[in-house]
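In: Structure, please.
(one chain, ligands or ions: 1)
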Amino acid sequence: MTLADHVNTLGQDLLRRHGQRVHKLALNAGFSCPNRDGLKGTGGCSFCNNASFNPTARAIPPLAEQIAAGAAVVARRTGARRYLAYFQAYTNTYGDLDRLAAQYWEALAQPGVIGLSVGTRPDCVGPEVVDLLAGIRDRGYEVWLELGLQSAFDDTLARVNRGHGFAEYRAALNLARGRGLPVCTHLILGLPGEGPERALASLQRVLALGVEGLKLHPLHVVRHTRLAWEWRRGLYQPLTLAEYVHTVADLIEQTPAEVRFHRLTGTASMDILLGPAWCNRKWAVLNAIEAELRQRGTQQGGRLTQVDAKTRACG
Ligand code: SF4
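Out: Prediction:
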């Protein structure tokens, strides 16, 4: 069995809808972040590697070059010839609207690109941005808005210095849903002060408002962050692999079958990753999640309750 036997993955969903493999190509379009440039704060989220904002870092290649390089790797590994341009790095709706449009259309103009997935903070999504993305979607492209929520609890968001709360997420989500734009919400497991109960509660709050996609990953401790400082002093303890796998399986069981999982784990590059060491073994983590679901004899939505369904209907 594979993970896709238990989970509605974005990859399988794209294959079904487009009749061929479609891969996301992660891009850095050179955007900044309001939690770094002073609009919301200057320190950034406590887990974010601020060194990556170093202006002396090497120049970012043009989008066309990044897409060509990513497509070549994906084609070699999987044979896929169709791609979603995934604006991943930093806050990809934070900028002048003309610049956003130019970047998105430049990506869409590259060979094999059939759509966009745009990652951002909930407090950087206004009506104009949603109109822009919905307009692209209306021209026949696949378009996703990826909202980094991480936790639905304001005290946790304050503790990691996100610079926004759940209210901003709700507002951005409502704007997107008002235009029928699919949203993928990012949640981090293992945030300081959060156990499995909070992860499940965050999921329930997200599902209650309605969402089309989810991305889960464990909290990484990376160099040059406040979290690394806390971790070195024993003030933060990362999740074990077993804890992560168990909680992810619980969340999958509580998620309606129609929601697409864009990702079930994630890692950081080895030169900055301090822990947990297991999160760098992506396939070992995914295999462990599959084994856990198989051993439980369950699948996505396998433990949905009537209460859950009612809550969603009211959301
Ligand atoms: S994690 Fe995202 S929102 Fe937080 S400081 Fe880094 S780029 Fe900004």
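In: Got the phi and psi for whichever residue of the stretch 201-315 of the chain sits closest to the ligand?
Out: Taking CB to the nearest ligand atom as the measure, the point where the stretch 201-315 of the chain comes nearest the ligand is residue 225, at 9.4 Å. (Each C-beta comes from the backbone N, C-alpha and C, glycine too.) The phi and psi values for residue 225, taken as degrees, to the nearest 10, are phi -130, psi 160.
In: State the distance from residue 106 to residue 31.
Out: The span separating residue 106 from residue 31 equals 14 Å under the rule CB to CB, to the nearest Å.
In: Just the pLDDT for the residue of the stretch 201-315 of the chain closest to the ligand.
Out: You'll see residue 225 listed with a pLDDT of 95.
In: In contact with it, which residues are there?
Out: 46, 47, 48, 49, 50 (CB atoms under 8 Å, 6 or more residues apart in numbering).
In: And the helices in the stretch 101-250 of the chain, which stretches?
Out: With DSSP state H, counting those that start in this stretch as the definition, the stretch 101-250 of the chain shows helices at residue ranges 127-138, 154-159, 166-178, 196-209, 226-232, 241-253.
In: So which of those helices is the most surrounded?
Out: Comparing the helices of the stretch 101-250 of the chain by mean neighbour count (mean count of other CB atoms under 10 Å), helix 241-253 comes out on top with a mean of 21.
In: tell me the mean pLDDT over it?
Out: pLDDT averaged over helix 241-253 gives 98.
In: quick one on the thing from earlier: the contacts of residue 225, buried ones only, as a ChimeraX selection?
Out: In ChimeraX, the members of the contacts of residue 225 classed as buried (16 or more other CB atoms under 10 Å) are selected with the following command:
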select :46,47,48,49,50
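In: circling back: of residue 106 and residue 31, give the one with the bigger neighbour count.
Out: residue 31 (19 against 16; other CB atoms under 10 Å).
In: Could you measure from the more buried one over to residue 220?
Out: When distance is defined by CB to CB, residue 31 is 21 Å away from residue 220.
In: Equivalent analysis for residue 280, please.
Out: 9 Å.
In: what residues are shared contacts of these two?
Out: Common neighbours of residue 280 and residue 220 (CB under 8 Å, 6+ apart) are 267, 268, 273.
In: Residue 252 and residue 296 touch, don't they?
Out: No: distance between residue 252 and residue 296: 9.8 Å, which falls outside the contact criterion (CB atoms under 8 Å).
In: Please tell me how far stretch 133-144 is from the chain's geometric centre.
Out: Distance, stretch centre to chain centre, for stretch 133-144: 19 Å (CA atoms, centre = their mean, to the nearest Å).
In: Make residue 1 into 165 and carry on from there
Out: New numbering, starting at 165: the last item is stretch 297-308.
In: Show me what it is in contact with.
Out: Residues beyond stretch 297-308 that count as contacts (CB under 8 Å, 6+ apart) turn out to be 178, 182, 186, 248, 268-269, 272, 278-282, 309, 340, 343-348, 376-377, 426.
In: hmm, 6 Å instead?
Out: Residues outside stretch 297-308 that contact it (CB atoms under 6 Å, 6 or more residues apart in numbering): 278, 279, 280, 281, 343, 345, 346, 348.
In: just the residues you listed now: which is nearest residue 229?
Out: Proximity of these to residue 229 was ranked by CB to CB; the top entry is residue 280 with 17.7 Å.
In: what sits against the closest one?
Out: 249, 268, 307.
In: hang on, the first one is in a strand, isn't it?
Out: Yes: the assignment for residue 249, made by DSSP: H, G, I helix; E, B strand; the rest coil, places it in a strand.
In: Please verify my assumption that it contacts residue 273.
Out: No: no contact is recorded between residue 249 and residue 273 when judged using CB atoms under 6 Å, the distance being 9.9 Å.
In: Can you pick out the residue with more neighbours from these two?
Out: A direct count of neighbours by other CB under 10 Å for residue 249 and residue 273 places residue 249 higher, at 29 against 12.
In: Could you find the closest non-adjacent residue to the more buried one?
Out: Taking CB to CB, 6 or more residues apart in numbering, and ignoring the residues beside it in sequence, residue 249 has residue 271 as its nearest neighbour in space, at 3.6 Å.
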